[in-house]
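**Q** Provided below are the primary sequence and the corresponding predicted coordinates.
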Protein chains: 2
Amino acid sequence: MYRERILQISKHLNPSNGLEGPKINSIVVGNKQVALDTDFKIDVQRLKLELDSPQLSAYKDQVREFIKNEPLLKSPVGIPPDQYKELVLQQLVKVAQSGLVKCTDVRDRIAHFCSAVEILGLYNNNLCTKMFVHYSLFGGTVTLLGTERHEKYIDMVTNATHVGCFSMTEIGHGSNVRGLETTAKYDVKTQEFVIHSPTLSSHKFWIGGAGLHGRLTSVFARLITPDGVDHGVHCFVVPIRDEHLKVLPGITITDCGLKHGLNGVDNGKLQFTHVRIPRENLLNKTADISPDGIYKSQYATPIKNFAATMAPFIGGRLYVTKSSAAASRVCLAIAIRFAHYRKQFGPSDNQELPIITLPQHQRRLMVPLARTIVYDFFLHSLENQLQSKNAPNTIHPHCSGIKAMYSWHSISTMQVCREACGGQGFRSDNLIAEFKADCDVNSTYEGDNTVLVQQVAKYLLSQKSSSKDNIKKFDQIQQLYNLNELLVLFKSREQLKIEELKGLVGKNSYQSFNDAVPWAVRTTFAYMDRVILECAIQRVQAPRVYLHPLAHIVLLDTLGRIEDDLAFFLSHQLITPEIANCIPFVIMDLCKFITSHSLDIIKSFDIPAKCLPSESLTDNIYN
Amino acid sequence: MYRERILQISKHLNPSNGLEGPKINSIVVGNKQVALDTDFKIDVQRLKLELDSPQLSAYKDQVREFIKNEPLLKSPVGIPPDQYKELVLQQLVKVAQSGLVKCTDVRDRIAHFCSAVEILGLYNNNLCTKMFVHYSLFGGTVTLLGTERHEKYIDMVTNATHVGCFSMTEIGHGSNVRGLETTAKYDVKTQEFVIHSPTLSSHKFWIGGAGLHGRLTSVFARLITPDGVDHGVHCFVVPIRDEHLKVLPGITITDCGLKHGLNGVDNGKLQFTHVRIPRENLLNKTADISPDGIYKSQYATPIKNFAATMAPFIGGRLYVTKSSAAASRVCLAIAIRFAHYRKQFGPSDNQELPIITLPQHQRRLMVPLARTIVYDFFLHSLENQLQSKNAPNTIHPHCSGIKAMYSWHSISTMQVCREACGGQGFRSDNLIAEFKADCDVNSTYEGDNTVLVQQVAKYLLSQKSSSKDNIKKFDQIQQLYNLNELLVLFKSREQLKIEELKGLVGKNSYQSFNDAVPWAVRTTFAYMDRVILECAIQRVQAPRVYLHPLAHIVLLDTLGRIEDDLAFFLSHQLITPEIANCIPFVIMDLCKFITSHSLDIIKSFDIPAKCLPSESLTDNIYN
């Protein structure tokens, strides 16, 4: 029905333009044509394999089995904060005992660790955050920054006999971690470092695990040699509690208090008062100090050493992103099931229809569903790149960019899903509200999103300009159905934006870059849109792939992205007003198509029943 | 700085276009010119009077005093749900004892009731919701639908001796209230109505006050005469608890359980099993039944009678909107204060600057600040219209439209404010998270936003078309600084959208309207943008008004709205690409200007200290 209107409306809006719309029946991907009108039945198992990523599906099934069989993974609704924190600790121990994850995964099995978070995130983000801090942050420091002398910590982490924390952020130093104040002065006499955080602004803040359970923490502090020279920020292992969980001398810990969400995680504030640790507790992969106090680094400057220290932690952005991915999937599944069940209004007073039949409701849910799946494809490719020995140099901007885009996407998706369930979405039992509260912080922790998108923009500014000849414009409606042509369109937009940004930033001073940040943000989105679409096209072109309904999903997401930035495409004449006016009709057509398969698509997410409210929320509404 | 770039960038982007930008130094409003570059000091008291609305400021100060002096209005953070509900009940009683609000306010002093919610909403939305249900919903039914025989309820409400509920929504019938199932059959023998809700889908759900405290409820049920005729939905007063708060026979009440927010409000599910009430409990303003069972309505059909029953409740949308307004103000105040205090990054490692100096941060906070103030002006005008005897027929669409737009605006504003405070915004003590959780439901209760914007669109479709000659286009940058010309631009957009929508909807069948809803939503926004701007221009042109910084604020909001819908303005050639590319620069310029006065602007909100975290969050961060 919409397809017919595309031509109709084009003529209506532009009566002087005799636009000859094609009779479009297929989506083009590379040399394949995917029919738009064919009836077909989705093979849920096959689609699940594809959405899981084929090589990881078996592992993900193990994690799903763990969720199903572990009684401690019960509904977290309404558990008071103190009990909740104890429950999440016990859950962490169960994860450790399951053997599903190991301390060294963040080095040796990155895609597996990502997968564990992705599936456990379907259950709850408190457990994921607890795991993330323990395994990838504390475990990451000892695995990635330590040497042989730190191997003793590996088993402590794997078996969760000692809960580990990661003390980087200070009250006065969040995004700008190069400004950390805590010091680690070397004392030659005792061959010890003295960790000290004297000012309020130097206290470590938001430290996950520090509130109650942490026994060890890695501490980022400025290494000061006996000659008084500040060598910049280095990482040290510091015990904070004994085996009875009693806080050690010199350590002062305060709970961070009640939070918007994640009240199952014990965040704490840590103050160090002349805390002495052995020289060997310096994680010395890139730099070390000799017993007599001679400092030596592989890098020429403190800034370079710090950059090398931080680089391996880029994976952390992926792990956080996986929890955004999980939240998006669950909330969409809840809202889509509800929409198939819930009736309201209809052609007559006596005939009410399920709200999923409403085109606006389809649009609200299918566009974020498509984006979620397309983002997930991109995450799969990043996991693999990060694991490979020769990760491209785009890995850093791509992990930063997707972390920002996916966490914002998941926040808006959870909001839409909440509202799409009406009052039922506001009930804690229906779980969307829990995810909303717990995953909100994903936009500001592990790198504030606004800062991360600037990192991507800085990367783009550092690249050579492309030739202006590459700018391609759209002037035919068929092009809207061709993913490869859409990719060319995205490349043109990206190139124009980067050039504009370069013009704005000029000599790239502190002030000129900051003035240009509003444009830099959009440039980052344009760039990320392109690389994400490129990845999705590769994925749906792969020989094994089941093109129905993946081609439709990728097309819907792509057109949705164009709509989000339509003003730019128009003001730069990349597409004509006639085509712009057609886009919403094509989107509605695709939404209708995907809606008809939406229950099968969410089945293919294979979300354990425990992670969802009761079937179609029916019992839940009626209890 | 930005102003200089406007010309520069215009030429850069459109080198072939020798755009001669004007040297723009002032904003034009009617026949006034407001200088853009003048230094001035805001007179906080004068601005407060204007933002409060001059004739209501003294009353609002009384409410502020009540907040300051009433110890029960304490921090709600971390109070367990059971205790929270009791606290909010006690707060309601204190409000009643204060004499600030009366049951009849929703008829006789609408602007005062709005003002009470607006100021108490600065403290907390639980109390507002409790008040709203008791005074404006239950109180509203007896005041607006009752007659002399119901006057006994007025004092019970005013003094809160009997808490009242409003039982309209049923499990199966949320937005589509015409489909309510609960029946009220008239029994001639006993001269009683028998209220009955036999099916699961007919149970009253989400009923505020029903969970614990309600003694009376108004019930919306289908009136059935002894001849079996269904006269449609009418409203009845039904006692549900005795003086010891024991639930009465035939009434079954279940708590709705834990919620995303508003856990200080006792929402319940109500089931009626052959509950008998006296004939006189029918609220008989529009229709009545005689002792011997003869039904008589002022209206010819049940649908018309029902419409007349519901019409007076349009004020409810304003009251809810006032709580969105309050939440937006408080959260912006918190985030803006934090941004002035919090330092991070700077031109050198040793010199960090407050994050408010970052242009992107200014943009994130000043655009919603401007929108909040402009929306508030519109609310003031609606309050006055609703109170007047000859309210225009636009009052219904305008209340529906602003409820939807303001609640969505407040949700996105609270989110931005949360993120703008980073991790600190995630702490409950810092209050933004509390407002986020409590006010989220504003988008779906008291009319689901998506349904409300459709009501506005239906109103627009029912209006006569304007002449096509009225379409005016923008081709000079100066026009961006002229509020009256911007209003003409908004009228042109609105007219084009309405015509397109009419074309799409065609004969307005169930299906054709629903297919067009995505367009209808945007048409509603365009219409509301115009009437809101019209109102703001009238307000800033009023002789008493302090044009600094209100003209700047209105202009910023207006340009922000254009940016939100820029693709439409471009694709319909209402503005040129050159002007489109200039808009972000003008916006940044205005943001910078308003930022420099932002602490004074938020001071003029006169938010009681109790409603804010400690000064600049400083103590709060450092505790």
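**A** Arrived safely, thanks for sending.
**Q** CA only for contacts and neighbour counts going forward, please
**A** Noted.
**Q** residue of the stretch 251-400 of chain A nearest chain B, please.
**A** Distances from the stretch 251-400 of chain A to chain B, computed as C-alpha to the nearest C-alpha, single out residue A:259 as the nearest residue at 4.4 Å.
**Q** does residue A:210 lie in a helix or a strand, and which?
**A** Residue A:210 is located outside every helix and strand, with elements delineated by DSSP states H and E.
**Q** related to what we said a few turns ago, count of residues packed around the residue of the stretch 251-400 of chain A closest to chain B?
**A** Burial of residue A:259 is recorded as 27 neighbouring residues (other C-alpha atoms under 10 Å in any protein chain shown).
**Q** and residue A:462, by the same measure?
**A** Each residue near residue A:462 was counted by other C-alpha under 10 Å, and the total is 10.
**Q** so who does it touch?
**A** The neighbourhood of residue A:462, defined by C-alpha atoms under 8 Å, 6 or more residues apart in numbering or on different chains, contains no residues.
**Q** got a pLDDT number for it?
**A** With respect to pLDDT, residue A:462 has a value of 94.
**Q** distance of it relative to chain B?
**A** Using C-alpha to the nearest C-alpha, to the nearest Å, we find residue A:462 at a distance of 19 Å from chain B.
**Q** and what of residue A:155?
**A** 31 Å.
**Q** ok, that residue to residue A:282 distance?
**A** Residue A:155 sits 19 Å away from residue A:282 when distances are taken as C-alpha to C-alpha, to the nearest Å.
**Q** just residue A:492 next, same as before
**A** Counting by C-alpha to C-alpha, the gap from residue A:492 to residue A:282 is 48 Å.
**Q** for the helix or strand harbouring residue A:90, packing partners?
**A** Assigned by DSSP H and E, residue A:90 belongs to helix A:81-98. The criterion is 3 or more C-alpha pairs under 8 Å, 6 or more residues apart in numbering or on different chains; DSSP states H and E, and the helices and strands that helix A:81-98 contacts are helix A:125-131.
**Q** partner residues bridging the residue of the stretch 251-400 of chain A closest to chain B?
**A** residue B:427 (DSSP bridges).
**Q** which of residue A:492 and residue A:282 has more neighbours?
**A** The residue with more neighbours, out of residue A:492 and residue A:282 and counting by other C-alpha under 10 Å, is residue A:282; that gives 28 against 22.
**Q** phi, psi for that one please.
**A** Backbone torsions of residue A:282, given as degrees, to the nearest 10, read phi -70, psi 130.
**Q** what of residue A:205?
**A** Backbone torsions of residue A:205, given as degrees, to the nearest 10, read phi -130, psi 150.
**Q** tell me what the spatially closest residue to it that is not a sequence neighbour is bridged to.
**A** Nearest residue to residue A:205, sequence neighbours excluded (C-alpha to C-alpha, 6 or more residues apart in numbering or on different chains): residue A:269, at 4.5 Å. In this entry, residue A:269 is beta-bridged to residue A:254, by DSSP bridges.
**Q** do I have it right that residue A:269 meets residue A:257?
**A** No: if you go by C-alpha atoms under 8 Å, residue A:269 and residue A:257 don't touch, sitting 9.9 Å apart.
**Q** would you mind telling me which of these two has more residues around it?
**A** Here residue A:269 and residue A:257 are compared on neighbour count by other C-alpha under 10 Å; more neighbours surround residue A:269, at 24 against 17.
**Q** can you report how many residues lie near residue A:404?
**A** Using other C-alpha under 10 Å, residue A:404 is surrounded by 25 other residues.
**Q** what's near enough to touch residue A:419?
**A** Residue A:419 makes contacts with A:425, B:443-444, as judged by C-alpha under 8 Å, 6+ apart.
**Q** now, those that are in strands?
**A** Within these, no residue falls in strands by DSSP state E.
**Q** now restrict those residues to buried residues only.
**A** Buried by 16 or more other C-alpha atoms under 10 Å in any protein chain shown: A:425, B:443-444, out of the contacts of residue A:419.
**Q** now those as TSV including distance to residue B:250?
**A** Written out in TSV, the entries for the buried ones among the contacts of residue A:419 read as follows (distance: C-alpha to C-alpha, whole Å):
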residue	distance to residue B:250
A:425	29
B:443	34
B:444	30
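**Q** can you give the domain ranges for chain A?
**A** As given by the TED database, the domain ranges for chain A are A:51-159, A:166-307, A:308-466+A:475-617.
**Q** chain B contacts on the stretch 351-500 of chain A?
**A** Listed as neighbours of chain B in the stretch 351-500 of chain A under the rule C-alpha under 8 Å from any C-alpha of the partner chain: A:358-360, A:419, A:422-423, A:426-429, A:433-434, A:441, A:443-445, A:448, A:500.
**Q** pull the contacting residues for the closest residue to residue A:82 other than its chain neighbours.
**A** Of all residues beyond its chain neighbours, the one nearest residue A:82 is residue A:264 (7.7 Å), with distances taken as C-alpha to C-alpha, 6+ apart. In this structure, residue A:264 makes contact with A:81-82, A:84-88, A:126-127, judged by C-alpha under 8 Å, 6+ apart.
**Q** I'd like the next helix or strand past the longest helix seen in chain A.
**A** Ranked by number of residues, the top helix in chain A under DSSP state H is helix A:359-387. Helices and strands here follow DSSP H and E; after helix A:359-387, the next one along the chain is helix A:395-420.
**Q** contact partners for the closest residue to chain B within the stretch 51-200 of chain A?
**A** Distances from the stretch 51-200 of chain A to chain B, computed as C-alpha to the nearest C-alpha, single out residue A:176 as the nearest residue at 5.9 Å. Taking C-alpha under 8 Å, 6+ apart as the criterion, residue A:176 is in contact with B:344-345.
**Q** is it possible to get a markdown table of the domains of chain A that adds distance to residue B:380?
**A** Converted to a markdown table, the domains of chain A look like this (distance: least, C-alpha to C-alpha, whole Å):
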| stretch | distance to residue B:380 |
| --- | --- |
| domain A:51-159 | 40 |
| domain A:166-307 | 32 |
| domain A:308-466+A:475-617 | 28 |
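**Q** so which of the ones you listed comes closest to residue B:219?
**A** Taking C-alpha to C-alpha as the measure, the domains of chain A were each checked against residue B:219, and domain A:308-466+A:475-617 came out nearest at 19.2 Å.
**Q** burial count for the residue lying closest to residue A:474 once chain neighbours are set aside?
**A** Distance criterion C-alpha to C-alpha, 6+ apart; nearest residue to residue A:474, sequence neighbours excluded, is residue A:575 at 4.7 Å. Close neighbours of residue A:575, defined as other C-alpha under 10 Å, add up to 22.
**Q** dihedrals phi and psi, residue A:575?
**A** Dihedral angles of residue A:575 (phi, psi; degrees, to the nearest 10) stand at phi -140, psi 160.
**Q** coming back round to it: and the contacts of residue A:264, which are buried?
**A** In the contacts of residue A:264, the ones that pass as buried (16+ other C-alpha under 10 Å) are A:81, A:84-88, A:126-127.
**Q** just the angle for the helix or strand hosting residue A:317 relative to helix A:359-387, thanks.
**A** Taking DSSP H and E as the definition, one finds residue A:317 inside helix A:315-341. In terms of direction (axes from the mean of the first three to the mean of the last three C-alpha atoms, to 10 degrees), helix A:315-341 departs from helix A:359-387 by 160 degrees.
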